[in-house]
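Novice: below: sequence and its predicted model.
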Amino acid sequence: MPAAASAPRSRQARASRQARQASHAALRFGRVAAMGTVAVLILVAGVWASWSSAPYVMLTKGRERGRVEVTRCGEDACSGPYTPASAGSAARRVEIAHTVAVRKGRTYDVVVKPGTDEVLRSGWAGVLYAWAPLGGALLLASVVVAGGLRRARAAWVLAGAGIALLTAAFVAL
């Protein structure tokens, strides 16, 4: 009789163990799917934020290019006379964002945003500054990848790329 009584318990124990394993697998899949989605959304947001100025700075062919000498700075923007360097560009007074590490009395190479009198720094400094939001997104996504996805190597790669981009932008400006 003892052998017969233990058979149903072992079947119940096995079924219970399989149910626990299935639920753990479902929770693990849900965590990976949710954290993967969050990491991808963070990176997409970083690219989206960078793309507002990156194409003007990176793809300068056919755009108005020149130099601006900063003569006056306000709280949000600096302004000065624009000296054209490309054909079809006219001299005028333009504004450059004060957050781009510009100083009064200095001259910078710039690209004019089409249809405006707003200019963006050109060259490596402008390119790196345009992609700085992506650097921050890489750092933030590395935390999500390390904690949520438990992928330490991938997180270190993302963090290293973000730090390198932000450091290069800081040094270039």
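Specialist: Nice, thanks for sending it over.

Novice: spell out the residue ranges of the strands in this structure.
Specialist: Under the criterion DSSP state E, the chain contains strands at 65-69, 72-73, 77-84, 92-97, 107-112, 118-121.

Novice: any idea which of those strands is most buried?
Specialist: Of all the strands of the chain, strand 118-121 carries the top mean neighbour count, a mean of 23, counting by mean count of other C-beta atoms under 10 Å. C-beta here means a position set from N, CA and C on the backbone, and glycine is covered the same way.

Novice: how many neighbouring residues does V171 have?
Specialist: 10 (other C-beta atoms under 10 Å).

Novice: check A154 too.
Specialist: Residues near A154, counting by other C-beta under 10 Å: 15.

Novice: my guess is it contacts V145. True?
Specialist: Yes. Shown here, A154 and V145 form a contact pair, counting by C-beta atoms under 8 Å, at 5.3 Å.

Novice: centre-most residue in the chain?
Specialist: L134 (1.5 Å; C-alpha atoms, centre = their mean).

Novice: against R17, how distant is the closest residue to it other than its chain neighbours?
Specialist: Nearest residue to L134, sequence neighbours excluded (C-beta to C-beta, 6 or more residues apart in numbering): G46, at 4.1 Å. G46 sits 43 Å away from R17, going by C-beta to C-beta, to the nearest Å.

Novice: look at these two and report which has more neighbours.
Specialist: Neighbour tally, G46 and R17, criterion other C-beta under 10 Å: the higher count belongs to G46, 22 against 10.

Novice: show me the contacts for the more buried one.
Specialist: P133, L134, G135, G136, A137, L138, A141 (C-beta atoms under 8 Å, 6 or more residues apart in numbering).

Novice: just the terminal-to-terminal distance for stretch 111-120.
Specialist: End-to-end distance for stretch 111-120: 5 Å, by C-alpha to C-alpha, to the nearest Å.

Novice: now do stretch 125-136
Specialist: 17 Å.
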